[in-house]
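Asks: Take a look and give me a structure for this.
(one chain, ligands or ions: 2)
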Amino acid sequence: MDCLFCKIAAGEIPSQKVYEDAQMLAFRDIEPKAPVHVLLIPKTHLDGVRALTADNAAVVAHIIAKIPEIAASLGVTDYRVVTNNGAAAGQSVQHLHFHLLGGRTLGEMG
Ligand code: 5GP
Ligand code: ZN
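Replies: Ligands and ions are numbered 1, 2, ... in the order given. Take a look at the predicted model:
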């Protein structure tokens with residue numbers, strides 16, 4: 001499949017990794033919106049939140065459960081976790097990803 005984040009997960013496209021295990025990868029966003037801006041992705045392809053079902057969502061629990069450890073390793077205690085689903089919501093890459101943003105005061109969501 002021609003998917004940017006699948007290629008990053010496979011190491012075919014380089015990224016600045018901050019955490020990796022068998023199920024997930026965390027890497028720095030190429031266009032950071034905050035001093036800490038990391039993308040958390042499952043290694044298996046899912047189009048986005050819209051693709052989640054009871055049968056495939058365990059990886060999401062795994063990713064969310066790793067956030068405190070990843071945030072601590074990046075030196076942030078206050079942060080925001082965001083996932084955009086669909087073009088009108090700002091999703092530009094069709095592979096499920098969670099933005100982890102921190103390191104500055106984050107205003108209200110627009
Ligand atoms: P979305 O807009 O889909 O919520 O988030 C996609 C994110 O992926 C954007 O914040 C964008 O900056 C980031 N991004 C796009 N292409 C690349 C890339 O090749 N490498 C990395 N590290 N981030 C990327
Ligand atoms: Zn993918």
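
Asks: so which strand or helix has I63?
Replies: I63 is part of helix 58-73 when elements are defined by DSSP states H and E.

Asks: Remind me what that helix packs against, helices and strands.
Replies: strand 17-20, strand 24-28, strand 36-42, strand 79-82, strand 98-102 (3 or more C-beta pairs under 8 Å, 6 or more residues apart in numbering; DSSP states H and E). Backbone N, C-alpha and C define where each C-beta goes, glycine included.

Asks: Out of those, the one nearest ligand 2 is which?
Replies: Closest of the helices and strands packed on helix 58-73 to ligand 2 is strand 36-42, at 7.9 Å (criterion: C-beta to the ion).

Asks: Give me the distance from the closest one to the chain's centre.
Replies: 3 Å (C-alpha atoms, centre = their mean, to the nearest Å).

Asks: For the closest residue to A22 other than its chain neighbours, the count of nearby residues, please.
Replies: With C-beta to C-beta, 6 or more residues apart in numbering as the criterion, A22 has its nearest non-adjacent residue at 7.4 Å, and that residue is K43. K43 has 16 neighbouring residues, counting by other C-beta atoms under 10 Å.

Asks: wouldn't K43 be in contact with G11 here?
Replies: No: at 10.6 Å, K43 does not count as touching G11 under the criterion of C-beta atoms under 8 Å.

Asks: any idea how far V93 is from H99?
Replies: 11 Å (C-beta to C-beta, to the nearest Å).
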